[in-house]
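> need a 3D model of the following:
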Amino acid sequence: MQTASTLQKSSENELQLREDLAAALRLAVQFGWHESVANHFSAAVSDDGSEFLLNPRWQHFSTICAGDLLLLDAHDNSVMLGINAPDPSAWCIHGAVHRQVPHARVLLHCHPPYATALCGLKDPSIKPIDQNTARFFNRTAIDLSFGGIADDAEEGNRIASAFGNQSILLMGNHGVSVAAQTVAEAFDQLYYLERAAQTMVLAYSTGQPLNVMSDALAEKTAAGWDDYTGAADAHFAYLKSTLDKEDSSWRN
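Alright, predicted model coming up:
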């Protein structure tokens with residue numbers, strides 16, 4: 001039985017997750033990562049990850065507030081029969097991932113310009129040609145089995161399994177999905193992933209050969225990022241403060 005203090009802590013944790021996820025959605029607009037009223041961000045509320053928050057169907061990222069987020073049970077398919085049913089593709093991807101990928105407490109799925117362009121290449125891998133691109137050396141999964149718009153259980157399960165033990169999935173012919181323990185970590189990973197993809201696209205555009213690091217140097221550089229894990233929290237806290245200066249309604 002849950003005690004009053006446990007229930008209070010659970011409620012506080014959900015409120016914090018709601019605010020952080022709403023902030024991430026608003027910030028995605030500022031960074032130009034949103035796409036019409038599509039794409040979805042989610043965060044697990046329950047310990048087993050089955051209960052999760054998700055942005056509502058077809059609500060623009062720029063308008064979403066903490067209270068707008070849906071609270072769903074990944075094991076309850078009847079949610080799709082309700083009047084407030086989530087977008088089918090969101091349920092397909094996020095429901096499957098929160099059921100099957102324990103390390104995906106937070107899942108950000110979107111189609112940012114440069115990362116999506118990279119995922120349109122026959123080889124979408126991120127080559128270690130600078131510090132940001134090296135950050136992802138041997139730390140991404142690549143899915144080249146795109147099956148069309150993800151709106152059925154089979155495709156959702158396939159995408160979930162494609163993660164393996166990685167936290168970043170480059171989705172060929174589609175976009176990207178980033179999983180993490182916290183919203184701040186996921187957002188920071190998405191930020192650097194898009195920056196790395198931008199560097200790759202610009203480097204490819206020169207037509208010159210890439211100066212790819214050796215595997216040893218790339219791994220050393222990637223491992224060096226581990227010393228900066230706290231930077232994600234600082235980065236996200238600053239970005240939330242900029243939202244507050246402009247319009248704090250996202251916290252409502």
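> mind listing the helices for the stretch 1-150 of the chain?
Under the criterion DSSP state H, counting those that start in this stretch, the stretch 1-150 of the chain contains helices at 4-30, 88-90, 96-100, 113-118, 131-134.
> okay, the ones you listed in CSV with mean neighbour count next?
Backbone N, C-alpha and C define where each C-beta goes, glycine included. Below are those laid out as CSV (neighbours: other Cβ atoms under 10 Å):
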stretch, mean neighbour count
helix 4-30, 17
helix 88-90, 20
helix 96-100, 23
helix 113-118, 20
helix 131-134, 22
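> which among those helices is found nearest to residue 176?
When the helices of the stretch 1-150 of the chain are compared by Cβ to Cβ, helix 113-118 sits nearest residue 176, at 4.7 Å.
> okay, now the unreliable bits of the stretch 1-150 of the chain?
1-10 (pLDDT under 70).
> could you redo the last one with a cut-off of 50?
1-2, 4-8 (pLDDT under 50).
> any chance you could map the strands in it?
Residue ranges of the strands in the stretch 1-150 of the chain, as given by DSSP state E, counting those that start in this stretch, are 40-44, 51-54, 70-73, 106-110, 141-143.
> mind checking those strands for the one nearest to residue 200?
strand 141-143 (13.5 Å).
> what is the neighbour count of residue 237?
11 (other Cβ atoms under 10 Å).
> for it, give its distance to residue 189.
Plainly put, residue 237 is 16 Å away from residue 189 if you go by Cβ to Cβ, to the nearest Å.
> thinking again about what came up before, which one of the helices of the stretch 1-150 of the chain lies closest to residue 202?
helix 113-118 (8.5 Å).
> what sits up against the closest one?
If you take Cβ atoms under 8 Å, 6 or more residues apart in numbering as the criterion, helix 113-118 is touched by 32-33, 124, 126, 170, 174-176, 193-194, 197-198, 200-201.
> same thing with stretch 196-204?
112, 114-115, 117-118, 126-127, 129-130, 132-133, 135-136, 210.
> save those residues as a markdown table, and put in distance to residue 250 too.
Formatted as a markdown table, those follow (distance: Cβ to Cβ, whole Å):
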| residue | distance to residue 250 |
| --- | --- |
| 112 | 20 |
| 114 | 26 |
| 115 | 24 |
| 117 | 29 |
| 118 | 30 |
| 126 | 31 |
| 127 | 37 |
| 129 | 36 |
| 130 | 33 |
| 132 | 28 |
| 133 | 32 |
| 135 | 28 |
| 136 | 29 |
| 210 | 40 |
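> just to revisit the earlier point, out of the helices of the stretch 1-150 of the chain, nearest to residue 252?
Of the helices of the stretch 1-150 of the chain, nearest to residue 252 by Cβ to Cβ is helix 4-30, at 8.7 Å.
> for residue 57, give me its contacts.
With Cβ under 8 Å, 6+ apart, residue 57 has these contacts: 84, 85, 86, 87, 90.
> quickly note the distance from it to residue 91.
9 Å.
> picking that back up, to residue 180, which of the strands of the stretch 1-150 of the chain lies closest?
strand 106-110 (5.1 Å).
> buried ones in that closest one?
By 16 or more other Cβ atoms under 10 Å, the buried positions in strand 106-110 come out as 106, 107, 108, 109, 110.
> how about stretch 36-54?
Buried residues in stretch 36-54 (16+ other Cβ under 10 Å): 38-45, 49-54.
> what do you get for stretch 244-251?
250, 251.
> identify the contacts common to residue 57 and residue 91.
Joint contacts of residue 57 and residue 91 (Cβ under 8 Å, 6+ apart) are residue 85.
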